[in-house]
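J.: Any chance you can model this:
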Amino acid sequence: ILGDEKYAQNSGASVKSPLAEAKYLCLHAAEITFKRPGSGAPLTVQAPRDRTFAAQVARIRKKLSNSD
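T.: Presented below is the predicted three-dimensional model:
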């Protein structure tokens, strides 16, 4: 979860790391599959990243690549 200060502390990542600097909490599932009630047939839903989420990921990747 981008921007999560509470659990970032337990992940070994520094709260000051780019991963904790996200302006908003962001969670995204690119794809999720459910079983249809009754038939049990799979139903897969796909979603592109939200623009805000994608922009935060781009900023974080840039900061991480510049930190080497």
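J.: So which bits of stretch 40-57 are buried?
T.: 53, 56 (16 or more other C-beta atoms under 10 Å). Heads up, the C-betas are built off the backbone N, CA and C, glycines and all.
J.: Could you tell me the end-to-end distance of it?
T.: End-to-end distance for stretch 40-57, by C-alpha to C-alpha, to the nearest Å: 35 Å.
J.: Just confirm residue 59 is within a strand.
T.: No. Counting by DSSP: H, G, I helix; E, B strand; the rest coil, residue 59 falls outside a strand, being helix.
J.: what's around it, how many residues?
T.: 15 (other C-beta atoms under 10 Å).
J.: pLDDT at it, what is it?
T.: pLDDT for residue 59: 83.
J.: Ok, residue 28 next?
T.: Residue 28 is given a pLDDT of 82.
J.: Next: residue 67.
T.: 69.
J.: go on, residue 11?
T.: On the pLDDT scale, residue 11 gets 55.
J.: What of the one 10 residues further on?
T.: In the predicted model, residue 21 carries a pLDDT score of 64.
J.: what is residue 34 paired to in the beta sheet?
T.: Note on residue 34: beta-bridge partners residue 43, judged by DSSP bridges.
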